[in-house]
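> My questions concern the predicted model and sequence given below.
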Amino acid sequence: MPRVALIAALEREVAPLTKTFTRRRHADWVIFEKGDVRLVCGGIGGNHAAAATRWLITDAQPEVLGSIGFAGALAPDYHVGAVLTPATVIDGSTGETFVAALGTGVLVTAAGVLNEAEKEALAASYHAQAADMEAAAVARVALENGIPFFAVKAISDELGFAMPPMDRFVSDTGQFQTAELLSYAAVRPSLWPVLARLGKNAKKASSQLCHWLENQINRDFQDIQRACGKVEL
């Protein structure tokens with residue numbers, strides 16, 4: 001198995017997978033390890049993902065870097081739990097394009113949580129299937145260091161889903177402040193069914209994402225190795 005470094009935003013995205021990993025705490029992040037796989041939960045947003053990726057490169061000297069986690073659908077046929085491995089990642093702020101080691105389709109990295117109109121605009125501009133907040137940052141650092149990159153994203157909210165104002169509950173360190181969100185929602189009953197659906201969607205997305213990753217780990221990341229030209233199968 002190649003040395004693989006994975007960068008997620010939050011522990012909740014990868015919880016089913018990391019049950020079998022060793023967990024340790026870094027000053028800034030939570031790190032999980034299993035064999036040649038290192039996984040760091042670096043926080044929400046491109047700056048945090050880039051910082052975690054740079055640290056991983058120094059600490060783990062990976063042969064492959066992967067951005068993993070949740071994404072919002074930009075196409076109507078992508079439903080909750082669908083797993084996307086995009087061939088192309090685009091920075092929605094700059095238009096910069098990155099080529100992934102394997103996959104099909106397009107993922108756009110946005111600066112914040114998108115509403116429905118913003119999703120439709122990105123889909124029209126880039127013909128993309130999904131949007132996240134970290135993959136372009138990881139891809140940029142991978143390119144700077146000459147390391148193959150891939151992304152795996154599970155859909156946690158569909159195109160027509162109206163997201164609550166989530167950005168205001170992200171801390172300066174990129175952590176999601178769940179208690180603050182619940183306090184905000186407590187006096188806004190209209191948000192209760194939305195948050196309940198979000199929780200259900202997140203659980204399904206996490207399950208499908210981790211199933212994909214666990215399968216790759218069990219197969220020594222053969223698909224990644226083949227895409228990077230490391231093995232002939």
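Yep, that arrived. Residues are numbered from 1 along each chain as shown.

> which residues in this structure form strands?
With strands called from DSSP state E, the chain shows them at 4-8, 22-25, 30-34, 37-41, 64-73, 83-84, 88-91, 97-99, 106-109, 130-132, 149-157.

> could those be laid out in a markdown table, adding mean pLDDT, distance to Ala49 and mean neighbour count?
To be clear about C-beta, it is placed using only N, CA and C from the backbone, and glycine gets the same treatment. Output for these, formatted as a markdown table (pLDDT from 0 to 100; distance: least, C-beta to C-beta, whole Å; neighbours: other C-beta atoms under 10 Å):
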| stretch | mean pLDDT | distance to Ala49 | mean neighbour count |
| --- | --- | --- | --- |
| strand 4-8 | 96 | 6 | 27 |
| strand 22-25 | 88 | 19 | 10 |
| strand 30-34 | 93 | 14 | 18 |
| strand 37-41 | 95 | 9 | 24 |
| strand 64-73 | 96 | 7 | 26 |
| strand 83-84 | 96 | 17 | 20 |
| strand 88-91 | 96 | 12 | 23 |
| strand 97-99 | 96 | 13 | 16 |
| strand 106-109 | 96 | 9 | 28 |
| strand 130-132 | 95 | 10 | 27 |
| strand 149-157 | 96 | 11 | 27 |
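
> Tabulate these in CSV, adding columns for distance to Ala227.
Below are the strands of the chain laid out as CSV (distance: least, C-beta to C-beta, whole Å):
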stretch, distance to Ala227
strand 4-8, 13
strand 22-25, 27
strand 30-34, 21
strand 37-41, 17
strand 64-73, 9
strand 83-84, 16
strand 88-91, 14
strand 97-99, 11
strand 106-109, 16
strand 130-132, 20
strand 149-157, 7
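
> Could you report the distance from the most centrally placed residue in the chain to Ser183?
Note on the chain: the residue nearest the mean C-alpha position is Gly69, at 2.7 Å, using C-alpha atoms, centre = their mean. For Gly69, the distance to Ser183 equals 25 Å [C-beta to C-beta, to the nearest Å].

> what's the answer for Ala50, then?
To Ser183, Ala50 is 31 Å away according to C-beta to C-beta.

> Between those two, which has more neighbouring residues?
The neighbour comparison of Ala50 against Ser183 (other C-beta atoms under 10 Å) goes to Ala50, with 20 against 11.

> so who does the more buried one touch?
Ala137, Val138, Arg140, Val141 (C-beta atoms under 8 Å, 6 or more residues apart in numbering).
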